[in-house]
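# task: produce atomic coordinates for the following.
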Amino acid sequence: MRALDKRMITTALVVAAGFTPLAAPAASAAPPAATGTTAYANQVATKTHFDWTLLNRIRRANAYAESRPGFAGIVVRDRKTGAVWRNTHSDTLVWACSTPKLAMVVDLLLRNDAGTVSLTAEDRDLMHRMLNSSDDNAAHTLWTRYGGEREFAARFPSYGMTDMRFTDQHPHHWGWILTTADDLDRLINYVLTRLPVAHRDYIVNEMRSVDVNQQWGVWGAGAAARPGNKNGWSDDNDDGSWLMNSVGFVGPGERYTLAVMNNTQVVQNGYDVGLETTTEISRIMFDGYFR
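Purely as a prediction, here's the structure:
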């Protein structure tokens, strides 16, 4: 898999003085009315910043990312103050791999609330397997059973994935969607701030207790940060390099969110290189930050 934009730009540090309210999705992509959720456009911008200790950690993590093979799109958000930091690759399109499984779970829960689907015990077990161990067979089953691209992808922008797109190269497949770290940032914040409490708590618990095959990426924040994440990884079938993506939360009350999309652009040992890069970014930012 190859990102559409492999430009290597010297990353500028940007500390937002808040964040710009996002445009509302098109009416055709609106979530089911019965969910009680609100559009991102209703978010109110705030003027704030990260504390200097965390900002210095973010700077060090960014310098580390720039020193590694390939590139990484990174977005960090403080949900308490509204401060956001993103690098210039945060809007670079990268293959999503397994990260859309999180959006699939969101969509299924909301459709079940709206009465447009009736989730079975088997469905809920498949959802658990998608979040816990990133089970591909579970994702294939639910994607096919509940409408595939026609149903799921029409609503993904409502959950924040406004950059995402399918391509003729890989049509109709949940894992071969091009997306961005900005998308993943908006998605995890939709989960944490817009879902009904029961659904939010369910997903948080699942992400916080993932299988060992997902204990990397945001997980690098360390046990004291009580991290939770949904990861996605694959070799790029265009050139054999590896894609190692991670999105999740850290800190008391899931205060901080982190989204990282990494394209190693190396073939030999690309999985290990990308796993180290993605995990170390989170470790530098958050390990030891919480006492």
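
# run through the stretch 1-150 of the chain and note the low-pLDDT ranges.
Counting by pLDDT under 70, the stretch 1-150 of the chain shows low-confidence ranges at 1-48.

# now do the helices in it.
52-67, 100-114, 121-133, 136-145, 148 (DSSP state H, counting those that start in this stretch).

# would you list those helices in CSV and tack on distance to Thr278 and mean neighbour count?
Every residue, glycine included, has its C-beta placed from N, CA and C. Below are the helices of the stretch 1-150 of the chain laid out as CSV (distance: least, CB to CB, whole Å; neighbours: other CB atoms under 10 Å):
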stretch, distance to Thr278, mean neighbour count
helix 52-67, 9, 16
helix 100-114, 16, 23
helix 121-133, 18, 17
helix 136-145, 20, 17
helix 148, 29, 15
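
# which of those helices sits closest to Asp211?
helix 121-133 (4.0 Å; CB to CB).

# that closest one vs helix 136-145, what angle?
If you take axes from the mean of the first three to the mean of the last three CA atoms, to 10 degrees, helix 121-133 sits at 130 degrees to helix 136-145.

# contacts only, for Ala61.
Contacts for Ala61 (CB atoms under 8 Å, 6 or more residues apart in numbering) come out as Ile74, Glu280, Ile281, Ser282, Ile284, Met285.

# would you mind confirming that Trp233 makes contact with Val260?
No. In this structure, Trp233 is not within contact of Val260 by CB atoms under 8 Å, at 11.7 Å.

# neighbour count: the two, which is higher?
Shown here are Trp233 and Val260; by other CB atoms under 10 Å, Val260 has more neighbours (33 against 23).

# what about that one, distance to Phe152?
Relative to Phe152, Val260 is positioned 23 Å away (CB to CB, to the nearest Å).

# you'd agree Leu192 is in a helix?
Yes. The assignment for Leu192 is a helix, going by DSSP: H, G, I helix; E, B strand; the rest coil.
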